[in-house]
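# Here is a sequence with its predicted model. Questions after.
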Amino acid sequence: MGSTSPPRSPAAALPSASSPSLILTHPTAAERSRIWASTHPMWGPALTLDGYLSREAYLTTVPLAKEGGVTHWILTDGSQPPDVRPLLSSCETLRKRALSACASTSTPTDVTVVDGIAHGLGSVFTDEQYRGRGYASRMMQELGKRLRTWQVSTNNNNGSSPPHALFSVLYSDIGKTFYARSGWAPFASSHIEFPPSPSTPTESPAPVAKPIGYHELAELCSVDARLLRSQLTRRAATHPGTACVALLPDLDAMLWHLMREDFMTTHIFGRTPSIKGAVSGPPGRRVWAVWTRGYYGGLDKVEGNTLHILRVVVEDEDMDVEELVGGFGEIVRLAQAEAAAWRSADVQMWNPTEKVAALVEACGIEHKTVVRDVSSIASLMWYGEGETGGLDWVANEKYGWC
């Protein structure tokens, strides 16, 4: 499954980043394979090259990505034919369901909630031979504008959706300024980090937290989406004129992470984990977390592996911390045990709410807070009215990453 790149062009023969001959378009299958082979050392060291190429192909078939959900992009010289033209810069986007809510400044109780789409942008890559010439910046500037209307007409046909995408997001691993110059404003990017901890036998009463597997996800994601819609409505009403936005934590969004995890663990361990999270409490008063394991170091470099808590949900926000802390603590301890069992260096929980942060403090489990200023910087480009920096990005958690 390996592939080879065409001969390198002399630097003097490369077009300027401002050249009118440059176009933003889609790679052929052969060009896509070349890109994947080039990105393997950066993003796939836990897999062999063939394993990495197989994973990338597989990820085009999972629910969020199939049937046009994923789009691959390249910046190239339009004067040259496909499969010969230079792949000056590349990336991919995932179409996701999203919500926005905004209250009238004159009548705060009049809240407009809009269902639409957003695009998650990832895998931005420029081969070493083309770096330092401004190609990635040119690609991002063109892509930001293109995504405003990309795929809207074929996916928002119920008459109530906007004539454009609500927003696009990316997660920068090169700090806050590069993508901000192209229109993606950086937002809060911090996480709470827990150490892995093997499970130990206990003589305490029956556990109050139960593992989540694939079979429980559909119901929980449905409840989560309903709760998040209500949360956006309430927040918008208390901040008239401010747009509140969120990526929808629906089943497909979660499955993209979990099926990616299953591919990795199958290749690394020869098996897949059955525990995808944990839930505590009766319906209506539950707290739950869904997680995934990410591997960049494999078995040889455990510090490159993390158990990411994708989403934490408190079903009844009016419940006191004291009522929730026992079950929440068991959820975190189960995550720690899973991290230890599956060779992860840590457990991370991105941008917790005030309620969840209070639960972390109350449960007394060792942890630290990390404010990220270089890696995984959550960044958003808003396609509605007003400035991006004034938005209220709700549920800015790991499930939105791509």
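Cool, got the structure.
# C-alpha from now on. contacts and neighbour counts both.
OK.
# quick one: average pLDDT of stretch 112-123?
Mean pLDDT, stretch 112-123: 96.
# please begin residue numbering at 19 from this point
Will do, 19 is the new start, and the previous item becomes stretch 130-141.
# Would you mark the buried spots in it?
131-141 (16 or more other Cα atoms under 10 Å).
# As TSV, those residues with distance to Met277 and secondary structure would be great.
As requested, the buried residues of stretch 130-141 are exported to TSV (distance: Cα to Cα, whole Å; DSSP: H, G, I helix; E, B strand; the rest coil):
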residue	distance to Met277	secondary structure
Val131	31	strand
Val132	29	strand
Asp133	26	strand
Gly134	25	strand
Ile135	22	strand
Ala136	21	strand
His137	20	strand
Gly138	17	strand
Leu139	19	strand
Gly140	17	strand
Ser141	18	strand
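# Check these and tell me the two furthest apart.
Taking Cα to Cα as the measure, these span a maximum distance of 31.0 Å, between Val131 and Ser141.
# Distance to Met367 for the buried residues of stretch 130-141 - can I get that in CSV?
As requested, these are exported to CSV (distance: Cα to Cα, whole Å):
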residue, distance to Met367
Val131, 28
Val132, 28
Asp133, 27
Gly134, 27
Ile135, 25
Ala136, 23
His137, 23
Gly138, 20
Leu139, 21
Gly140, 20
Ser141, 22
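# between the residues you listed, which is closest to Val308?
Among the buried residues of stretch 130-141, Gly138 lies closest to Val308 (Cα to Cα), at 19.8 Å.
# ok, the closest one - contacts?
Residues in contact with Gly138 (Cα atoms under 8 Å, 6 or more residues apart in numbering) are 111-114, 186-188, 418-420.
# Swap in 6 Å and give it another go.
Gly138 makes contact with 111-112, 186-188, according to Cα atoms under 6 Å, 6 or more residues apart in numbering.
# Over to Gly193?
391-392.
# ok, now Arg115?
If you count contacts by Cα under 6 Å, 6+ apart, Arg115 has them with 135, 266.
# Tell me the secondary structure at it.
Using DSSP: H, G, I helix; E, B strand; the rest coil, the structure places Arg115 in strand.
# Local confidence estimate at it?
Reported pLDDT at Arg115 in the predicted model: 97.
# now do the one 10 residues further on
The predicted local distance difference test score for Thr125 is 89.
# Could you do Gly288 as well?
Looking at Gly288, its pLDDT is 97.
# Check the gap between it and Met282 for me.
9 Å (Cα to Cα, to the nearest Å).
# Which positions within the helix or strand that contains Met157 qualify as buried?
Element membership for Met157 (DSSP states H and E) is helix 153-164. For helix 153-164, a neighbour-count test (16+ other Cα under 10 Å) marks 153-158, 161-162 as buried.
# can you check stretch 249-258 too?
249-255, 257-258.
# which one is Trp91 nearest to, not counting chain neighbours?
Nearest residue to Trp91, sequence neighbours excluded (Cα to Cα, 6 or more residues apart in numbering): His44, at 4.6 Å.
# Tell me who's in contact with the one you found.
90-92.
# Quickly name whichever of those residues is closest to Leu235.
His90 (28.6 Å).
# from the contacts of Gly138, which ones fall inside strands?
Taking DSSP state E, the ones among these that sit in strands are 111-112, 186-188.
# Would you report which members of the contacts of His44 are assigned to strands?
Judged by DSSP E, strands contain the following of the contacts of His44: 90-92.
# In the stretch 219-368 of the chain, where is pLDDT below threshold?
219-224 (pLDDT under 70).
# what are the ranges of the strands in it?
For the stretch 219-368 of the chain, the strands defined by DSSP state E, counting those that start in this stretch occupy 227-230, 262-265, 295-298, 305-313, 323-332, 364-368.
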